[in-house]
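Peer 1: output the structure for:
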Amino acid sequence: MKSWLHLNKGFLVFLVLFGVFRTAIADWNPIPSGSMRPGLLEGDVVFINRLAFNVKVPLTDVVLAHTGEPQRGDVVTFSSPTDGTRLIKRVMALPGDVVEMRDEKLIINGQPATYTEVEQVMEPIGKGNFTPARRYDETVGARHQRIQLLPQVAARRDFAPVTIPPDQYLMLGDNRDNSADSRYIGLVPRNLLIGRAVRVLVSADIEGNWMPRGERFGKPLGINAQ
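Peer 2: Below is the predicted model:
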């Protein structure tokens, strides 16, 4: 055993350092579902900056220091407060905000978001089935993003005004009618934030022929990028 450790100590050190790097500094996150369509697609792999908000003890949610503040419109990864599953959604309400949703339209601090319809498409919903989808540019203050609504799908399209407590955030998926977000799992505490999604690293059509989608390689995930 000692001989094996001696022969492989360089590789073992690499594994330890690689693990620390992935759990404390930077990571990548495959997109397994359509909850962030149309901006993120199933089969995208996104780069995550784990130092965007917190420095944590590797492999834990113990926060050592804050490094930045989440902003409205950031695409972030976090651990679900219900079961610890890693999720990726968009920050839509910050601590101190009063937010509500009426017929899928957001109102934040008394200011309604504005919606400009961009296109209508047929959206895949699994097993070869499709449903009509409407895509909008959603503008909240100076921030905007492309969202998608599925009128024929049952979803939570309204919620009463809620004041976001300190160190908590309201997360929504861009595919509003197909997203298990804060409407279902509740607000997300800051210590459960993992990092900010920066860009698509690589992408493949996992719902079709598994061919690479080269046009998505390196695509930035800036708030206004579509």
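Peer 1: number of residues surrounding the closest residue to Val57 other than its chain neighbours?
Peer 2: Spatial nearest neighbour of Val57, chain neighbours left out: Leu64 (6.4 Å); criterion: CB to CB, 6 or more residues apart in numbering. Any C-beta I mention is one placed from the backbone N, CA and C, and that applies to glycine too. Residues within reach of Leu64, counting by other CB atoms under 10 Å, total 11.
Peer 1: one more: the one 4 residues further on?
Peer 2: Close neighbours of Gly68, defined as other CB under 10 Å, add up to 12.
Peer 1: confirm for me that it is in contact with Phe53.
Peer 2: Yes: with contact defined as CB atoms under 8 Å, Gly68 reaches Phe53; the gap is 5.4 Å.
Peer 1: ok, back up a step: before we move on, which element is the residue nearest to Val57 in?
Peer 2: strand 63-66 (DSSP states H and E).
Peer 1: so for that strand, mean pLDDT?
Peer 2: Here strand 63-66 scores 86 as its mean pLDDT.
Peer 1: and for stretch 109-117?
Peer 2: Here stretch 109-117 scores 97 as its mean pLDDT.
Peer 1: what stretches of the protein score poorly on pLDDT?
Peer 2: In the predicted model of the chain, residues 1-26, 59, 222-226 satisfy pLDDT under 70.
Peer 1: circling back to that earlier point, check which helices and strands the strand holding Leu64 is in contact with.
Peer 2: Strand 63-66 sits against strand 54-56, with contacts defined as 3 or more CB pairs under 8 Å, 6 or more residues apart in numbering; DSSP states H and E.
Peer 1: picking up where we left off before, following element in sequence after the strand holding Leu64, please.
Peer 2: Heading C-terminal from strand 63-66 (DSSP H and E), you reach strand 75-79.
Peer 1: in its sheet, what does the following helix or strand past that following strand sit against?
Peer 2: As assigned by DSSP H and E, the chain's next helix or strand after strand 75-79 is strand 86-93. Here strand 86-93 has these sheet partners by DSSP bridges: strand 75-79 (antiparallel), strand 168-172 (antiparallel).
Peer 1: helices of the protein, start to end?
Peer 2: Ranges of helices in the chain, per DSSP state H, are 2-7, 9-24, 182-185.
Peer 1: the nearest residue to Glu207 once chain neighbours are set aside: neighbour count?
Peer 2: Distances taken as CB to CB, 6+ apart place Glu42 nearest to Glu207, at 5.5 Å, with adjacent residues excluded. Other residues near Glu42 come to 19 when the count uses other CB under 10 Å.
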